[in-house]
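Visitor: Can you look at this prediction? I've put the sequence above it.
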Amino acid sequence: MMGTGKTTVGRVLATKLGYKFVDTDEIITQVTQQSISEVFATSGESAFRQIETQVLARVCAYTHLAIATGGGIVLRRENWSYLHHGLIVWLDAPIELLYTRLNTDETRPLLQAGDLRTQLETLLQQRQPLYSQADLRVNVNLEETPEQLATRILAAIPQVLKKGETPTTQL
Ligand SMILES: Nc1ncnc2c1ncn2[C@@H]1O[C@H](COP(=O)(O)OP(=O)(O)OP(=O)(O)O)[C@@H](O)[C@H]1O
Ligand SMILES: O=C(O)C1=C[C@@H](O)[C@@H](O)[C@H](O)C1
Ligand SMILES: [Mg+2]
């Protein structure tokens, strides 16, 4: 979900693994020469989602790569076939944490209209069943630094290889 720390923590995780790192939002910004907000404003969400799928289709083919996606990557069914090229980590954060982080942020176009808490609740309700398809669920809290979170994710990854319910890691 937006604001959980995919970009921030993903970068740290990549360093710890000795992997390269890419962020699909950053690639979209580079190829369109527009900010994410501008892409939404000039072309619309549907066009953004198409570009996002094209970018994911390219980057998922690489090994030794950590990919931070946009929070809406789960929405298109075809994206899942690309996501499953790798190990999918769900950063799950409570609404209050997201609210604290995104309160003054103007770079997430889907959160600009109306009450932020309501927007977050609505999006999370829609997406929770999709996020829960991830391989690893990581409960995010306000106490941990990106460094600590990345360490915890690394430690939890072996559980993913074991058969059973989706593992969850919390502090
Ligand atoms: N563990 C953390 N501790 C403190 N601040 C954090 C942590 N992780 C992320 N942040 C901060 O929270 C904000 C949102 O993080 P980030 O941009 O990484 O989220 P995201 O999941 O990539 O969001 P989006 O889906 O919109 O791309 C940033 O200002 C970032 O610095
Ligand atoms: O959750 C979402 O739908 C989004 C998350 C951001 O990373 C961007 O991809 C964009 O703002 C949409
Ligand atoms: Mg991001």
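Guide: That came in fine, so what should we check first? Ligands and ions are numbered 1, 2, ... in the order given.
Visitor: for the helix or strand Val39 falls within, packing partners?
Guide: Taking DSSP states H and E as the criterion, Val39 maps to helix 36-43. Counting contacts by 3 or more Cβ pairs under 8 Å, 6 or more residues apart in numbering; DSSP states H and E, helix 36-43 is packed against helix 24-32, helix 45-59. Using the backbone N, CA and C atoms, a C-beta is placed for each residue, glycine as well.
Visitor: Run the angle between that helix and helix 45-59 for me.
Guide: Orientation check (axes from the mean of the first three to the mean of the last three Cα atoms, to 10 degrees): helix 36-43 against helix 45-59 gives 120 degrees.
Visitor: before we move on, the earlier item: may I see the helices and strands packed on helix 36-43 arranged in JSON lines, with mean neighbour count, mean pLDDT and distance to ligand 3 as well?
Guide: Below are the helices and strands packed on helix 36-43 laid out as JSON lines (neighbours: other Cβ atoms under 10 Å; pLDDT from 0 to 100; distance: least, Cβ to the ion, whole Å):
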{"stretch": "helix 24-32", "mean neighbour count": "17", "mean pLDDT": "98", "distance to ligand 3": "5"}
{"stretch": "helix 45-59", "mean neighbour count": "16", "mean pLDDT": "98", "distance to ligand 3": "12"}
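Visitor: And the residue of the protein closest to ligand 3?
Guide: Thr7 (3.3 Å; Cβ to the ion).
Visitor: ok, now which ones touch that residue?
Guide: Counting by Cβ atoms under 8 Å, 6 or more residues apart in numbering, Thr7 makes contact with 23, 25-26, 68.
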